[in-house]
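In: my questions concern the predicted model and sequence given below.
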Amino acid sequence: MEAIESGLDHNGSEGVKMEKRQRHPILFVGAGPGDPELITVKGMKALQEADLIIYAGSLVPEKVLTWARPNAEKINSAGLDLDAIIREMVEAYREGKRVVRLHTGDPALYGATQEQIAELERERIPFKIIPGVTAAFAAAAAIGKEFTIPEISQTLIFTRMAGRTPVPESESLEKLSSHETSMAIYLSISKIEEVCSILGKSYGKTAPVVVAYRVSQPEEKIIRTTINNMAALISEENIKDHAIIIVGKFLDANVKDIKKKSRLYDRNFSHKYRKQ
C-alpha cells in the first residue's frame, strides 16, 4: 500500500507532492520454541528486514533477535498492555516502517493475536501471519516420538488448565483426557497436582508422561516419568513455568514392537503415487 502526501510550502501555496511513502503490512511471526535456528526461513527474513520488532520478552529468548539488524528498534512487550502495543504498531506502520510482532512458538496457539488483529482491522491496517514451530513439536522431536501412531493414536489435543484465563466447560481437562488421545498440555505446570489427579483417572497413574522445560533452548530439561511421580519430580527440579506436559499411549509404544504400521509405505498398498 502506498500513501502520497501533499502539503503547503513556506509561502502558503501548494507545494510539490512529498515523496511517496510505501507502507508494509504488520507481520505476526512465530519465533518457534526458542532455538534461533528453529524459526522458519520466512520468519528469519522478516526479522532481518524489520525496522521495529515488538517481541514477547517473557517467552521469546533474546537470542532469536540475533537475526535482526543492529539498528532495528526492539521493544519488549512483556510490560505493555494491548493499547500500548497497538499504538507502537500503528505509529510505525504510518511512518512506513516494517513492523514484526514476534510471538513465541506459533502465533495461532495461545498467542493472544486475535485481539491485536481486531485492533489493526479497526485501524484498517493490513497484516500477515508467518507460522512457527510450537513447543509440542519440539518436544516430540527431542524424545524421538510420533504423536500419531496407526491404531494407537490418531488424534493430538492441545489444551491447558483453567486459571486466570478460563476455558469452556466442554473443554475441561477432565473431559478431554477421557478420550485418552495424545495430548500436549500448555500453561498448566503451576497446577501440576491437579493435572496429575485428572490424568491419572483417564490414563492410569503409572502411565508414562513427559515434561519438556524450555525445549530446544540451552536450559532444556526433558523429564520422563509416570503420572503418579510427575508432581514430585517437577517440585524437585523447581520447574514453575515454561514447560509443557506430554501424555498419551504413543509414549508407551516401542517402535520395534509396533505391529500396525502406516499403509503409506506398505508395498501391498497402492495409491495414486504408487501402483501395484
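Out: Thanks, I have the structure now.
In: residue 200 and residue 229 touch, don't they?
Out: No - applying Cβ atoms under 8 Å, one finds residue 200 not in contact with residue 229, separated by 10.9 Å. C-betas here are computed from N, CA, C, even on glycine.
In: the more surrounded of the two?
Out: Each of residue 200 and residue 229 has its neighbours counted (other Cβ atoms under 10 Å); residue 200 has more, 18 against 14.
In: please name the residues that touch that one.
Out: Listed by Cβ atoms under 8 Å, 6 or more residues apart in numbering, the contact set of residue 200 reads 207, 227-228.
In: quick one: contacts for the nearest residue to residue 93 once chain neighbours are set aside?
Out: Distances taken as Cβ to Cβ, 6 or more residues apart in numbering place residue 125 nearest to residue 93, at 5.4 Å, with adjacent residues excluded. Neighbouring residues of residue 125 by Cβ under 8 Å, 6+ apart: 25-26, 89-90, 93.
In: so which of those sit within strands?
Out: Counting by DSSP state E, the members of the contacts of residue 125 that fall within strands are residue 26.
In: buried subset of the contacts of residue 125?
Out: For these, a burial check counting by 16 or more other Cβ atoms under 10 Å picks out 26, 89-90, 93.
In: among those residues, name the ones in helices.
Out: 89-90, 93 (DSSP state H).
In: go ahead and name everything in contact with stretch 37-51.
Out: Residues from elsewhere that reach stretch 37-51, judged by Cβ under 8 Å, 6+ apart: 27, 29-32, 53, 64-65, 67-69, 72-73, 92, 97-100, 102, 130-133, 138, 216.
In: so which of those belong to helices?
Out: Reading helices off the contacts of stretch 37-51 with DSSP H, I get 92, 138.
In: returning to what we had before: what would the contacts of residue 125 look like in CSV with pLDDT and distance to residue 45?
Out: What follows is those, written out as CSV (pLDDT from 0 to 100; distance: Cβ to Cβ, whole Å):
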residue, pLDDT, distance to residue 45
25, 98, 14
26, 98, 16
89, 98, 19
90, 98, 23
93, 97, 19
